[in-house]
Each structure stands twice: as structure tokens, then as C-alpha cells.
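A.B. asks: Generate a structure from the sequence data that follows.
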Amino acid sequence: MPTIYEVAAQAGVSPATVSRVFNGQNVSSEKAKRVRDAARALGFTPNRVARTLRLQHSEVIALVIPDIENPFFTSMARGVEDVAQAAGYSVVLCNTDDDRAKEAKYLDIAVSANMAGVILAAAGEHSDLSALLDRKRPVVAVDRSPHGYDIDAVTVDNRAGGRSATRTLADQGFRRIACITGPHDVETATLRADGWRDAVTTMRMDNPDAYLRYADFRVDGGRKAMRELLELPEPPDAVFVANNLMGVGALQLLAERNVLPPAVGMAIFGDVSIISPTPMAVTVVHLPARHLGVTAAEMLLKRINGDDQPPHTIVLRNQIAPHG
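C.D. replies: Predicted coordinates:
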């Protein structure tokens, strides 16, 4: 069996560098690639059992997300996996369907399987992280954060994105701008709706509460909410939709009624091009999904490797642009 010294010689690095690569420590991407290429060519496999015993955790991290069918979370997962794989870690993908019971089960598995850490897009405000944190397993919140825990997080500026998208519709001349957002207890849903409210309050829109609908962040939820809005005595002339799947549902319903943008204004928080390829006059808040995953994974690996700085939150920028 090849040794660490043979890998080091073939990669042109020191044995210590090889060790750092396979222990998930900081090594330049160029050196890490040379080491992994050399290990693959020589058929070298590090002693995983010994390493797990030494580190007192497995070489696995959990990525817990609410909806694997949403391309936003798929792209985020790719970013997490790319970073984890380069550091020698595997990723277990856990889909909760925004169900806190399913989420709790996956978090329990992360504890019992002695996983190295968890990246969590919380199913709601009341996720229970106590067992993980009692075992001193790092947790990084991504996109959404549970309440009551002082943990690292990476997110986007949801309130500012909702506000800017709504103002874009106002600048286009629309005056009755509705909002379709997600569940009451999901942080991103409330913040995006808060941004919408900021904008319509500034423009002094009459009775904004009549134009606010909560749904489930899925296509059918967007359809149902859009139907309700169109049945109002004075329907909206535009709508801000707080995620991509609900935006697709709202567009489907409008198409069935033969009323599509730009006849009705629409702004959607999240990219719809993969799901809805038909060009339409829709304003889109583009989200850095893969960058969210990359950043969250880098934060988690630093914690796994002993970073003891106070927890902090990284906020990534959105970009607003027309679609179609």
C-alpha cells in the first residue's frame, strides 16, 4: 500500500502538507489538487477509522434543507459539496419538506452518527439544536436562521431585496402591489414581506394588509394565493412573490386567466429561468445560491478545525434584473 511519503513525493509537497489535506486543514487549492491527484494515481487511501478516532467525529457533514426540488437549494447544495469534498468530507443531504418533525429526526441522526457538523436551512423558527451544541458540534445556518441560538450564519439581505423589488414595480407605474410570501414562522418569508411593506408604506398604498398572502413556498401555494388576489373586489395590478416556486405558480394562474406580465406587474425573489423558460416581463431578485453554499461550508470547516472566534453572520448581496 502506498505511503503518505510517496504521495508527498509525487505531488511535490511535504508529508505534512499531505496530512493537512486529508485532515481538512487549510491548504491552497492548487496544492490540495496536486495531493489528491497523486493519491488517486497511487491508489492511496488515508486510514479513515484512525482519523475518526483521533478527531472524535466522522468525516461527514449534514446539509439539512427544506426542499430538494427547488433549484435554489440544489445549487446551494452543490456549493457545499464542492467545498466539503475538497477538504476530505462527505455530505449527507437531508430534505425536511419544511417539516420540523423530519428536521428533528435528521438532527438526531447527525448526533448519533457523530457527524462533524451541520449546515441548516431551518424549517421554522423553533428548530432544536441543543443536542448538537451540547456535543460541541458546529452548526452553520444558511438562508434561514432558527431563533434562540448564537451560531454562525450566511444569508442574503431579504428585507432589502423585497423592498427593492417592490420599488421597481412602483417605478414601472404600478400602484396596487400585492405580496405573496411564505409561512409565518419562516424567517425569509417574514423579512421579504417586511421589505414589501416598507415600500408600499412609502408609496402610501391603501389598505396593504388586504394584498398580503401567506403560502407554502411551493408552486401550488403561489397558484392559490394568486387566485385569491385576483378575486378581490379591487385586484392588484402587480405582485411581489417571495420565492421562485410560488412565482411559477402565480405565473401559471395568470396564464390560465390570459393576463400575463407586463399587463400585470410581477417581481420574483429567486431565479425562475430553470423552472419557467418562457420569456416574460418579470423582475427577478437573483440570489447567489451556490455562493451561499460555498460560504456556509467554509464557515463550518473552520469551526470543525478549531476556530473559536465569536459567531458571526455573513450577508451576501442580491442582484435585481429584468427576466425575459
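A.B. asks: When you work out contacts or count neighbours from here on, use the C-alpha atoms and nothing else.
C.D. replies: OK.
A.B. asks: And the pLDDT at residue 49?
C.D. replies: Listed pLDDT for residue 49 reads 41.
A.B. asks: Tell me which residues touch the most centrally placed residue in the chain, please.
C.D. replies: Nearest to the mean C-alpha position of the chain, counting by C-alpha atoms, centre = their mean, stands residue 143 at 4.3 Å. Applying C-alpha atoms under 8 Å, 6 or more residues apart in numbering, we find residue 143 in contact with 121, 153, 154, 155, 156, 188, 292.
A.B. asks: you'd agree the fifth one is up against residue 295?
C.D. replies: Yep, that's residue 156 we're talking about. No. Counting by C-alpha atoms under 8 Å, residue 295 is not a contact partner of residue 156; they are 11.7 Å apart.
A.B. asks: Excluding chain neighbours, what is closest to residue 106?
C.D. replies: Nearest non-adjacent residue to residue 106, counting by C-alpha to C-alpha, 6 or more residues apart in numbering: residue 94, 6.8 Å away.
A.B. asks: Show me what counts as buried in the strand or helix carrying that neighbour.
C.D. replies: Assessed by DSSP states H and E, residue 94 sits inside strand 90-95. Residues 90, 91, 93, 94, 95 are the ones in strand 90-95 that count as buried (16 or more other C-alpha atoms under 10 Å).
A.B. asks: Format those as TSV; extra columns: distance to residue 175 and pLDDT.
C.D. replies: Listed next are those as TSV, based on distance: C-alpha to C-alpha, whole Å; pLDDT from 0 to 100:
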residue	distance to residue 175	pLDDT
90	50	90
91	46	94
93	43	95
94	42	96
95	39	96
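A.B. asks: ok, those residues vs residue 106, which is closest?
C.D. replies: residue 94 (6.8 Å; C-alpha to C-alpha).
A.B. asks: There's contact between the residue nearest to residue 106 and residue 61 in this structure, I believe.
C.D. replies: No. Between residue 94 and residue 61 there is no contact under C-alpha under 8 Å: 10.6 Å.
A.B. asks: returning to what we had before: which one of the buried residues of strand 90-95 sits closest to residue 227?
C.D. replies: Within those, the smallest distance to residue 227 is 28.8 Å, found for residue 95 (C-alpha to C-alpha).
A.B. asks: Wait, the closest one touches residue 70, no?
C.D. replies: No. Residue 95 is not in contact with residue 70 according to C-alpha under 8 Å; the separation is 10.9 Å.
A.B. asks: Next, give phi and psi for residue 132.
C.D. replies: Main-chain dihedrals, residue 132, degrees, to the nearest 10: phi -60, psi -50.
A.B. asks: all strands for the stretch 51-200 of the chain, in order.
C.D. replies: 60-65, 90-95, 117-120, 139-142, 152-156, 177-181 (DSSP state E, counting those that start in this stretch).
A.B. asks: contacting residues around the second one?
C.D. replies: Right, strand 90-95. Outside strand 90-95, the residues that touch it by C-alpha under 8 Å, 6+ apart are 59-68, 77, 80-81, 84-85, 103, 106.
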